[in-house]
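Student: predicted model and sequence follow; I will ask about them next.
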Amino acid sequence: MPVTYLKGVGPARAEALRRLGVTTAGDLLYHIPHRYEDASTISPIARLEVGMQGTVIGRVISKGVLPTRKGLRVFQAVLKDDSGMIEVGWPGQPYLDRTIEKGDVLLVSGAVRFFHGRQLQPREFVNLGDDDTGTAQGRVLAVYPATEGLSFKVIRGIIDAHLEGLLPLVTEYLPADVLRSARVPAIRDALRMVHRPTSMAEAMEGRSRLAYEELLFVQLLQQRAKSLARTGRLGIRFENRRDLTTKLREALPFTLTGAQVRVLREIFGDMCGEQRMQRLLQGDVGSGKTIVAVFAALLAMENGYQAAIMAPTELLAEQHFQSISRLLAPLAIEPILLTGSIKPKARREIASRLAEARPSLVVGTHALVQESSQFSRLGLAVVDEQHRFGVEQRKALSAKGESPDVLLMSATPIPRSLALTLYGDLDLSLLDERPPGRQPITTALRPESTRDRVLEFVVREVAKGRQAYVVYPVIEESEKTDLKAATTMFELLSAGAFRELRTALLHGRLPSDEKDALMRRFRDGDIDVLIATTVIEVGIDVPNATVMLVEHPERFGLSQLHQLRGRVGRGGEQSWCVLLGDVSPITRQRLEIFAGTEDGFEIARADLDLRGMGDLFGERQSGVPTFRVADPLRDEQLNVLARDAAVRMLEKDPDLEAPEHAPLKRVMGERYARSLELFRVG
């Protein structure tokens, strides 16, 4: 039923609700609170003491905006309840003077401090309007997503008025065995719990059901997509002949880690099976993904097939080519390098070699997917730093042969729980162990007052024959920020602390060939200090670089800092990552998490906890339905349960045609149009 016909909702409110995605009575039921205020433990104002945390409900008896000597404008209000009065201050939020009126009732939670008397500093607050102070007390208040012209209070009032009439119309759509295994409430109970909870625990219990079903639907779609892709495309069935792979293992100057052995077992199992391999290999910085790809390539080659490894830049392709050439020299195998800068004559020679039906390993860039690059018998396609390529480029490489196996590799760690959702249509392998012998990188936070000493340290390292990176968040200075910029600091440092050193400037606005030339000069030791932006985040191995100096570390995410830190520590010498600048206590706490571990997966988890996963979801937004309630990271256990349930369900009923699955299938079709195609309905 259109929401317009509900009592209390006229045309104007219906239009405001439409902006929130609410057009029917059913949508209204699923308009879930985005937070709650616990008014069940209210303190009388008179009992608040300096140093304690408290929640109060009081009426605004006076208000105003006060300027400070530092130019900060503070909105202040005096709240009064039956026991007394207290001042509440919102520094830097003068706009609240337009939304909070004298006579409004506020529910405020925060710390009590002494500032010309007792003052409450709000952590959270809710404007209850002109409600009687006793109405909210003792309740858990739902705070709904709102919009201009429609406050959360009005939305709460509409839902409260119709909840009892709408809930009996709701029917369960998850199978009984799925509900039992997940231990979540039935949908009717869950909706009552989230809209009208008697406690915070009950609100969270109701939310868990809604989060679980979202995760279950996505896992069903992902698992079904994976199943259809495999059924529709049989792959090459390789045989593990243990010829080239054994020779390489015996020739290696090091022992494979346990993680590498485990991952190779998973990859070889895929390649020797009937179905085409579609696997994502996640590995932290320096975890040894390249050697895994080489072993997979040799398995294809010893079966008479060709293998291709595609990298996002010519520099990275050259680096892979050189390191792989050294690894395969004892086997008398010479890989082929194919990039955009290869001369036409050499390109024609490579084309004729690839046209021959004999085993070969090609390392290259996007040049591998151009029309002129034709493979006679491509058996394995490896895409390194896969997030740097578009979907079409990855598809183009895998289309170069008769259903070659595909291995995607990524050095951007994502916690497994999130990767299972983002990449649920791929099999997932994790390299979560670093090769032995790598020295830990010393990470230090230093205030601005130590700048001279930090720069002197860089000069001393260069005097030992080492190299250093200095990274800035922006290319040029701006009137809008007081950030140090790469171009300005390059001039200052080159004429100042680094005047005796060979310096160079690298940033994203430089032409590609100029960037590549600078990185080659740095790699070859012709540059002592590379002053750059984050363009070096995914770069090349420079074993001689031992210092990574990052200015304004507060402007970088933890995962980005981890990628930058990974540019050093690639040789046998002790390396350092120095974060330079004055930061707030909250930022320092965040950076200390980074300094305390080199585990990229732990850092990624902390980064997602602190910053949310909006940026990360942007990578796959078109392929993964967004969540309104669930958070795959926070709801890790629910996500695992949902994945297991989806696998079990599809094993028994691949098309979801059993009668007990009909309601679930209907709801999935309503929420995600893609499911209609995947399950062949409609």
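Tutor: Thanks, I have it. Residues are numbered from 1 along each chain as shown.
Student: okay, CA-based contacts and neighbour counts for the rest of this
Tutor: OK.
Student: okay, how far is it across stretch 45-53, tip to tip?
Tutor: Terminal residues of stretch 45-53 lie 12 Å apart, using CA to CA, to the nearest Å.
Student: go through that stretch and flag the buried ones.
Tutor: When burial is assessed from 16 or more other CA atoms under 10 Å, stretch 45-53 yields the following buried residues: 45, 48, 49, 53.
Student: just checking, the first one touches residue 88?
Tutor: No. Checked against CA atoms under 8 Å, the pair residue 45 and residue 88 is beyond contact range at 11.4 Å.
Student: for the lengthiest helix in the chain, packing partners?
Tutor: Scanning the chain for the longest helix, with DSSP state H as the assignment, gives helix 200-232. Applying 3 or more CA pairs under 8 Å, 6 or more residues apart in numbering; DSSP states H and E, one finds that helix 200-232 contacts helix 187-195, helix 416-422, helix 636-652, helix 673-678.
Student: repeat that for 6 Å
Tutor: helix 187-195, helix 636-652 (3 or more CA pairs under 6 Å, 6 or more residues apart in numbering; DSSP states H and E).
Student: which of the residues in the last one are buried?
Tutor: Spelled out, it's helix 636-652. Those would be 636, 638, 639, 640, 641, 642, 643, 645, 646, 647, 649, for helix 636-652 by 16+ other CA under 10 Å.
Student: dump that helix to CSV, restricted to CA.
Tutor: Only the C-alpha atoms of helix 636-652 are listed here, as CSV (Å, rounded to 0.1, in the frame of the first residue of the first chain):
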residue,chain,number,x,y,z
GLU,A,636,31.9,-11.3,10.9
GLN,A,637,30.4,-14.3,12.7
LEU,A,638,27.0,-13.6,11.1
ASN,A,639,28.7,-13.4,7.7
VAL,A,640,30.3,-16.8,8.2
LEU,A,641,27.0,-18.3,9.2
ALA,A,642,25.3,-16.7,6.2
ARG,A,643,27.9,-18.1,3.8
ASP,A,644,27.7,-21.6,5.2
ALA,A,645,23.9,-21.5,5.1
ALA,A,646,24.0,-20.3,1.4
VAL,A,647,26.3,-23.1,0.4
ARG,A,648,24.2,-25.7,2.1
MET,A,649,21.0,-24.4,0.6
LEU,A,650,22.3,-24.3,-3.0
GLU,A,651,23.8,-27.7,-2.7
LYS,A,652,20.4,-29.2,-2.0
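Student: want to throw the helices and strands packed on helix 200-232 into a markdown table with distance to residue 353 and mean pLDDT?
Tutor: Formatted as a markdown table, these follow (distance: least, CA to CA, whole Å; pLDDT from 0 to 100):
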| stretch | distance to residue 353 | mean pLDDT |
| --- | --- | --- |
| helix 187-195 | 62 | 95 |
| helix 636-652 | 44 | 90 |
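Student: can you give me the strands in the stretch 251-400 of the chain?
Tutor: For the stretch 251-400 of the chain, the strands defined by DSSP state E, counting those that start in this stretch cover 278-283, 306-310, 336-338, 360-364, 378-383.
Student: nearest to residue 119 among the ones you listed would be which one?
Tutor: Between residue 119 and those, the tightest spacing by CA to CA is seen for strand 278-283, at 49.8 Å.
Student: partners of that closest one, with directions?
Tutor: With DSSP bridges as the test, strand 278-283 is paired with strand 405-410 (parallel), strand 427-431 (parallel).
Student: excluding sequence neighbours, find me the nearest residue to residue 504.
Tutor: Once flanking residues are discounted, residue 504 sits nearest to residue 530: 5.2 Å by CA to CA, 6 or more residues apart in numbering.
Student: distance check, residue 157 against residue 36.
Tutor: For residue 157 relative to residue 36 (CA to CA), the value is 15 Å.
Student: between the two, who's got more neighbours?
Tutor: Applying other CA atoms under 10 Å to residue 157 and residue 36 shows that residue 36 carries more neighbours, namely 19 against 13.
Student: so that one sits against residue 152, correct?
Tutor: No. Residue 36 sits out of contact with residue 152 when judged by CA atoms under 6 Å, with a separation of 11.5 Å.
Student: quick one: end-to-end distance for stretch 458-467.
Tutor: For stretch 458-467, the first-to-last residue distance is 8 Å (CA to CA).
Student: remind me which residues of the stretch 451-600 of the chain are low pLDDT?
Tutor: Counting by pLDDT under 70, the stretch 451-600 of the chain has low-confidence residues at 477-482, 537-539.
Student: and the strands in it, which stretches?
Tutor: With DSSP E, counting those that start in this stretch as the criterion, the stretch 451-600 of the chain has strands at 467-471, 503-506, 529-532, 545-551, 576-580.
Student: for residue 246, which of those strands is the nearest?
Tutor: strand 545-551 (33.8 Å).
Student: quick one: that closest one to strand 576-580, angle?
Tutor: 10 degrees (axes from the mean of the first three to the mean of the last three CA atoms, to 10 degrees).
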